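# Just a sequence and a predicted model for now, questions to come.
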Amino acid sequence: MLAGLLVFVAVMVAPASHTITLINHYSYSVPIYMDSAYSPVPYSRAQPGTIGAGSSVNV
């Protein structure tokens with residue numbers, strides 16, 4: 001299974017001006033890591049941690 005799946009999301013927007021919703025369609029929790037790799041503005045908020053099975057998180 002993909003129990004150790006790491007979801008990498010590159011956020012390319014200015015901080016505090018946009019919100020994105022990450023949705024987990026798996027039947028198990030998924031760890032997530034937010035990074036602004038290709039943006040001149042670093043991602044400075046707290047890491048969201050994990051998304052529970054069948055739930056979502058706004059970042």
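Cool, the structure landed. Because the structure is predicted, anything quoted here is derived from the model rather than measured.

# nearest residue to S29 other than its sequence neighbours?
T50 (4.8 Å; C-beta to C-beta, 6 or more residues apart in numbering). All C-beta atoms are positioned from the backbone trio N, CA, C, and that covers glycine.

# Contact partners for that neighbour?
29-32 (C-beta atoms under 8 Å, 6 or more residues apart in numbering).

# and the gap between it and S56?
Note on T50: its distance to S56, by C-beta to C-beta, to the nearest Å, is 12 Å.

# ditto for H25
Relative to S56, H25 is positioned 10 Å away (C-beta to C-beta).

# Quick check: neighbours shared by the two?
Joint contacts of H25 and S56 (C-beta under 8 Å, 6+ apart) do not exist.

# List the buried residues for stretch 25-35?
With burial defined by 16 or more other C-beta atoms under 10 Å, the residues of stretch 25-35 counted as buried are 29-30, 32, 34.

# Which of the residues you listed sits closest to A46?
Relative to A46, the closest of the buried residues of stretch 25-35 is M34; by C-beta to C-beta it sits at 9.0 Å.

# Quick check: beta-bridge partners of that closest one?
M34 has these beta-bridge partners by DSSP bridges: V9.

# Among the buried residues of stretch 25-35, which lie within helices?
Assignment to helices by DSSP state H places none of the buried residues of stretch 25-35 there.

# Considering these, which is situated nearest to I20?
Distance to I20, by C-beta to C-beta, is smallest for M34 among those, at 9.3 Å.

# What spatial separation is found between the closest one and S27?
Taking C-beta to C-beta, one finds M34 at 23 Å from S27.

# Can you list the residue ranges for strands in this protein?
Ranges of strands in the chain, per DSSP state E, are 7-10, 21-23, 30-35, 50-51, 56-58.

# Quick check: which of these is nearest to Y43?
Closest to Y43 of those is strand 30-35 (C-beta to C-beta; 5.2 Å).

# For that closest one, give the mean pLDDT please.
Strand 30-35 shows a mean pLDDT of 83.
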